[in-house]
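> Whatever this is, show me its structure:
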Amino acid sequence: QVQLVESGGGLVQPGGSLKLSCAASGSIFSINVMGWYRQAPGKQRELVAGITSGGITNYADSVKGRFTISRDNAKNTVYLQMNSLKPEDTAVYYCNVDRVQTSMHSWAFEVWGRGTLVTVSS
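Predicted coordinates:
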C-alpha cells in the first residue's frame with residue numbers, strides 16, 4: 001500500500017512564501033506523475049501543478065511564475081515552492097500520484113494524501 005504524507009502548510013501573510021513537501025512511502029518501484037491539487041472552501045478541487053518522472057512540469061495559469069514544483073525521485077518526494085502568495089491561494093493542498101508501480105506486476109492508481117492547509121492572510 002502506498003501512502004502520501006504532506007507537510008509544510010500554515011499561515012502566511014500576503015506576499016510571503018511557503019514550501020510544501022509530500023513524501024510517498026510503501027512498496028514503490030516507480031512513480032509516474034506527482035502533482036499538487038488544492039480545494040478552497042466552497043470550490044471544486046483543482047490542479048495546481050504536476051511533474052513527470054522525467055521532470056516535465058505543468059501549472060495552473062493562476063500560479064504560473066509564482067509556484068515551482070520539483071521532485072526527488074530517489075526520495076519519492078515532491079515539493080511545491082509557493083512565492084508571492086495571495087489570499088486567493090488559501091486552500092487545502094493535496095498531493096497526488098496518478099500511477100505508482102508497487103511490484104513487478106502491480107500498480108496503484110490515483111493515490112491521494114490527506115492534505116495540508118495553507119492560509120494566506122494578514
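
> so where's this structure uncertain?
Counting by pLDDT under 70, the chain contains no low-confidence range.

> residue closest to the middle of it?
residue 36 (2.7 Å; Cα atoms, centre = their mean).

> List the contacts of that one.
If you count contacts by Cβ atoms under 8 Å, 6 or more residues apart in numbering, residue 36 has them with 20, 22, 47-50, 69, 78, 80, 93-96. C-betas here are computed from N, CA, C, even on glycine.

> next one: residue 108
Taking Cβ under 8 Å, 6+ apart as the definition of contact, the neighbours of residue 108 are 1, 2, 99, 100, 102.

> same thing but 10 Å
For residue 108, the contact set (Cβ atoms under 10 Å, 6 or more residues apart in numbering) comprises 1, 2, 26, 27, 28, 31, 97, 98, 99, 100, 101, 102.

> ok, these vs residue 16, which is closest?
Out of those, the one with the shortest distance to residue 16 is residue 97. That distance is 27.9 Å, counting by Cβ to Cβ.

> Check which helix or strand that closest one maps to.
strand 91-103 (DSSP states H and E).

> Skip ahead from that strand and say which helix or strand is next.
Toward the C-terminal end, the helix or strand that comes next after strand 91-103 (DSSP H and E) is strand 106-112.

> Pull the CA coordinates from that next one and hand them back as PDB.
The C-alpha trace of strand 106-112 is given here as PDB (Å, rounded to 0.1, in the frame of the first residue of the first chain):
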ATOM      1  CA  SER A 106       1.100  -4.400 -10.000                       C
ATOM      2  CA  TRP A 107       0.300  -0.700  -9.800                       C
ATOM      3  CA  ALA A 108      -1.800   1.600  -7.700                       C
ATOM      4  CA  PHE A 109      -3.700   4.500  -9.300                       C
ATOM      5  CA  GLU A 110      -4.800   7.900  -8.100                       C
ATOM      6  CA  VAL A 111      -3.300   7.900  -4.700                       C
ATOM      7  CA  TRP A 112      -4.100  11.000  -2.500                       C
END
